[in-house]
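Engineer: Starting from these lines, generate the structure:
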Amino acid sequence: MRLRKPRRYDANLVVIGAGSAGLVTAYIAAAAKARVVLVEQHRMGGDCLNTGCVPSKALIRAARVAHDIRRAGDFGLRAGGVEADLAAVMRRVQGVIAQVEPHDSVERYTGLGVECVRGQARLLSPWEVAVGDRRITTRAIVIASGGEPALPDIPGLATAEALTSDSVWSLATLPPRLAILGGGPIGCEMAQAFARLGSRVTLLQSRARLLPREDADVGALLAQRFAAEGIEVLTGAQARRIEPDGRGGSLRVAHAGAERDIGYDRLLVAAGRRARVAGLGLEELGIALRADGTIATDEYLRTSQPNIYACGDVTGPYQLTHAAAHQAWYAATNALFGSFRRFRVDYRVLPWAVYTEPEVARVGLNEAEAAAQGIRVEVTRFGIDELDRAIADGAAEGFVKVLTPPGSDRILGVTSVGPQAAETMAELVLAMRHGLGLRKVLGTVHSYPTLAEANKYAAGAWQRAHLPAALLRLAGQWHRWRRG
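Structural biologist: Purely as a prediction, here's the structure:
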């Protein structure tokens, strides 16, 4: 089919999807004085605002308060019991969303010069998008339609009325028994939050450990913490089938060489996410998908149609709000100015975090990835149990692990597990991004007592391991001579 370009265009850029990737793309394009049309089928703010980052952190905060009240005795305090009113908790969650919502609203983006259109977008050609009965011609298109929960192929799941990260926010009563399928970030966060609110949680992970993208010591520490909080964790567990019963359902699971039935009142599926591509008209235009269903893009975020770009969860490889926003700059800039200069998207220093307690944060390589890629590294580790502030806070659990080339203080990767790890690791992300080694971190004055001192102590551990032995021996001899 031969496609004909329009003689004139209604817009310089049409952006499909108003989640993090789409909003930032539209913002940048409007700031560059382009005419931008932003199309969203559901709600502005996308998954992050409405069903992901914002509500999950509000829920986790409520659960943390409940947990801290139960721990009052550890701090010499007397407190009564705590009982979660899930309906009230969810009202607060929705209130938090409402407070953040104006940042992503139609009113704000209209004020920035973006035309916001509600409806399902469908590509008619590389230069034409249909939204309902309206057709919009445009020089370039950015697809930022996001992702959605993936449902595994388990007999009985289709009729089990399972919850997902999209629908869990509709709960009004706390499930006495909650089964969670999936031990990745979403599954781990929800397992700890609901357990702290009062549910008896069983977490099933098909892989050998929790958070399988991280090193084994991370998953082991988190599993130990979960067990201490009463969460039953079954790793290497394969779900065979689901059967409803009068209360909720029963999950048949193969685990440790045997099969068992796990009863539940509600089932939450957190088995990953998939790209949201249905109904966009990609196949008709020959826009290629990868094996995992994401839109295939090159290093400039171009699809197989050179004036159509994709960013965010719909293309990956990272399902992270800040990764989507990071990609959005490249997508917007290349879509608008690629005929003059294009920019390769840079993922070299991209942090991420899991908001359990303890938090898990990482940037760059971990030990498993270094080994898989044949990269020789030195590993420097500092235990949070030695950190004064963590001890005072009753949170002395975890570690900071830094990977460097042999004999060099250049940072190749950091894994941080501990209180506020996502916050405190920002210093090491900055150092890594700008080529500052561990000696520079060690030479930076840190306030005492703070959790961020863990970075300095990790740098100090590296320095101690690389002190010049011969020079130190000479120094010792000189000092002995000075004493007479």
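Engineer: contacting residues around Asp298?
Structural biologist: Residues counted as contacts of Asp298 (C-beta atoms under 8 Å, 6 or more residues apart in numbering): none. C-beta here means a position set from N, CA and C on the backbone, and glycine is covered the same way.
Engineer: quick one: it from Ser20, how far?
Structural biologist: To Ser20, Asp298 is 21 Å away according to C-beta to C-beta, to the nearest Å.
Engineer: cool, Arg276 as well?
Structural biologist: Using C-beta to C-beta, Arg276 is found at 14 Å from Ser20.
Engineer: Same question for Pro358.
Structural biologist: For Pro358, the distance to Ser20 - C-beta to C-beta - is 26 Å.
Engineer: Extract the C-alpha set from stretch 131-147 and format it as CSV.
Structural biologist: As requested, the backbone C-alpha atoms of stretch 131-147 are provided in CSV (Å, rounded to 0.1, in the frame of the first residue of the first chain):
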residue,chain,number,x,y,z
VAL,A,131,-9.8,9.8,17.3
GLY,A,132,-13.5,8.9,17.0
ASP,A,133,-14.8,10.8,14.0
ARG,A,134,-11.9,13.3,14.0
ARG,A,135,-8.9,12.9,11.8
ILE,A,136,-5.7,14.7,12.8
THR,A,137,-2.8,15.1,10.3
THR,A,138,0.7,15.5,11.8
ARG,A,139,4.3,15.5,10.8
ALA,A,140,5.3,13.1,13.6
ILE,A,141,3.7,10.8,16.1
VAL,A,142,4.9,9.5,19.5
ILE,A,143,3.2,6.4,20.9
ALA,A,144,3.2,6.4,24.7
SER,A,145,0.2,4.2,25.4
GLY,A,146,1.8,2.5,28.4
GLY,A,147,1.2,-1.0,29.8
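Engineer: Return the mean pLDDT over that stretch, rounded to an integer.
Structural biologist: For stretch 131-147, mean pLDDT rounds to 96.
Engineer: who's more crowded, Arg276 and Ser20?
Structural biologist: A side-by-side neighbour count of Arg276 and Ser20, using other C-beta atoms under 10 Å, places Ser20 first with 30 against 22.
Engineer: need the contact list for the more buried one.
Structural biologist: 46, 48, 312, 321-322, 324-325, 328.
Engineer: Where helices are concerned, which of these count?
Structural biologist: Using DSSP state H, the subset of the contacts of Ser20 located in helices is 46, 48, 321-322, 324-325, 328.
Engineer: Buried among these? Make that a ChimeraX selection.
Structural biologist: In ChimeraX syntax, the buried subset of these is picked out as below (16 or more other C-beta atoms under 10 Å):
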select :46,48,321,322,324,325,328
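Engineer: for the ones in helices among the contacts of Ser20, which one is nearest Arg362?
Structural biologist: Closest approach between the ones in helices among the contacts of Ser20 and Arg362, by C-beta to C-beta: His322, at 13.4 Å.
Engineer: So the closest one versus Leu350, what's the distance?
Structural biologist: Distance of His322 to Leu350, computed by C-beta to C-beta: 8 Å.
Engineer: who touches stretch 366-383?
Structural biologist: Under C-beta under 8 Å, 6+ apart, the answer for stretch 366-383 is 214-216, 365, 398-407, 412-413, 415, 438, 454, 457-458, 461-462, 465.
Engineer: Show the end-to-end separation of it, please.
Structural biologist: In terms of C-alpha to C-alpha, to the nearest Å, the two terminal residues of stretch 366-383 are separated by 17 Å.
Engineer: Ala30: which of the contacts of Ser20 is nearest?
Structural biologist: Relative to Ala30, the closest of the contacts of Ser20 is Ala328; by C-beta to C-beta it sits at 12.3 Å.
Engineer: any idea which helix or strand carries the residue nearest to that closest one when sequence neighbours are not counted?
Structural biologist: Using C-beta to C-beta, 6 or more residues apart in numbering and skipping the chain neighbours, the partner closest in space to Ala328 is Val24 (3.6 Å). Per DSSP states H and E, Val24 falls inside helix 20-31.
Engineer: could you give me the average pLDDT of that helix?
Structural biologist: Mean pLDDT, computed over helix 20-31, is 97.
Engineer: quick one: that helix to chain centroid distance?
Structural biologist: When C-alpha coordinates are averaged (C-alpha atoms, centre = their mean, to the nearest Å), helix 20-31 and its chain have centres 20 Å apart.
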